[in-house]
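1. below are the sequence and a predicted model; questions follow.
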Amino acid sequence: MKKLRAEKTVRQLKLDAVLLRIGFTAVLLLNAFLGIKILTQEQSVILVPPFQHETIEFINGRANQEFYSQWAWSVSMLAGNLTPGNANFVKGEFQRIATPRLYGEILDTLDAELAAITRDNATVSFSPREVIFDPELNRFFVRGIQKLTGPGARQGIDSQITYELAFVTERLRIYLDYYDVYKGKPRTSDVREQQLQQSPSRGKRDGQR
């Protein structure tokens with residue numbers, strides 16, 4: 001009787017050991033599956049661009065074109081609407097959103113522009129008309145109308161200008177990496193190619209072939 005009970009106990013222990021091994025293996029496989037799923041699953045982060053209220057999805061460290069377009073619009077509104085009262089604020093915001101390299105490059109330009117506006121008690125306003133993305137240059141162009149008003153320009157001076165901008169992403173944060181502003185239409189890759197084709201030096205080279 002004791003022998004039968006002992007044999008039954010041994011068999012039960014062996015069965016329990018097998019079940020434990022199976023359960024342990026299943027847990028390991030499940031953890032491995034969950035780990036792989038977590039590593040391969042796209043991470044979604046919702047960010048709100050400056051001066052905007054709508055959220056845009058930011059996936060795996062890459063933002064879609066609409067996200068950067070909103071940033072381009074925001075930067076142009078920041079730079080294009082200057083008054084003596086917000087001069088220091090604009091300068092501080094550029095220091096915050098621009099890469100250290102870019103801010104170092106445009107610091108003198110910003111200081112000169114802001115000093116002139118403060119000295120003349122002038123106001124610069126910008127009304128964007130469109131935002132264009134050039135995939136070949138990987139840059140955004142914000143075209144609009146700039147109005148300069150002040151004691152020396154009572155009626156206001158209107159100019160068509162373009163902000164040319166580029167951005168980089170570091171740790172889910174956007175930085176302004178290229179900044180240029182000029183009068184006239186956006187200098188997209190198509191426009192630059194046309195200008196290159198029409199340049200005298202290019203025509204001379206083509207004629208010598």
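-> Looks like it came in fine. These numbers were taken from a predicted model, which means no experiment stands behind them.
2. I'd like the next helix or strand past the host helix or strand of F141.
-> In this assignment (DSSP states H and E), F141 forms part of strand 139-150. Next helix or strand after strand 139-150 toward the C-terminus (DSSP H and E): strand 153-170.
3. what strands line up against that next one, and which way round?
-> Here strand 153-170 is paired, per DSSP bridges, with strand 139-150 (antiparallel), strand 173-183 (antiparallel).
4. ok, residues contacting that strand?
-> Applying CB atoms under 8 Å, 6 or more residues apart in numbering, the set of residues contacting strand 153-170 from outside is 61-63, 68, 71-72, 75-76, 79-80, 99, 122, 126, 137-149, 174-187. Quick note: C-beta positions are derived from backbone N, CA and C, even for glycine.
5. beta-bridge partners for the closest residue to I106 other than its chain neighbours, please?
-> Using CB to CB, 6 or more residues apart in numbering and skipping residues adjacent in sequence, the residue nearest I106 is Y179, 5.8 Å away. Beta-bridge pairing of Y179 under DSSP bridges involves L165.
6. same question for E170.
-> R173.
7. lowest mean pLDDT among the helices and strands, pick that one out for this structure.
-> The least trusted helix or strand in the chain, going by mean pLDDT, DSSP states H and E, turns out to be strand 44-47, with a mean of 48.
8. hang on, the earlier thing: can you redo the strands paired with strand 153-170 as CSV with mean neighbour count and mean pLDDT?
-> Listed next are the strands paired with strand 153-170 as CSV, based on neighbours: other CB atoms under 10 Å; pLDDT from 0 to 100:
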stretch, mean neighbour count, mean pLDDT
strand 139-150, 19, 91
strand 173-183, 16, 91
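9. got JSON lines for those strands, with distance to I117 too?
-> JSON lines is the format used below for those (distance: least, CB to CB, whole Å):
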{"stretch": "strand 139-150", "distance to I117": "8"}
{"stretch": "strand 173-183", "distance to I117": "14"}
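10. among those, which is nearest A112?
-> strand 173-183 (13.1 Å; CB to CB).
11. report the buried residues of stretch 157-176.
-> By neighbour count on 16 or more other CB atoms under 10 Å, the buried set for stretch 157-176 is 161-167, 174-176.
12. which single one of these is nearest to V191?
-> T162 (10.4 Å).
13. what sits against the closest residue to Q65 other than its chain neighbours?
-> Of all residues not flanking Q65 in the chain, F133 sits nearest, at 5.6 Å (CB to CB, 6+ apart). Residues in contact with F133, defined by CB under 8 Å, 6+ apart, are 65, 68-69, 139-141.
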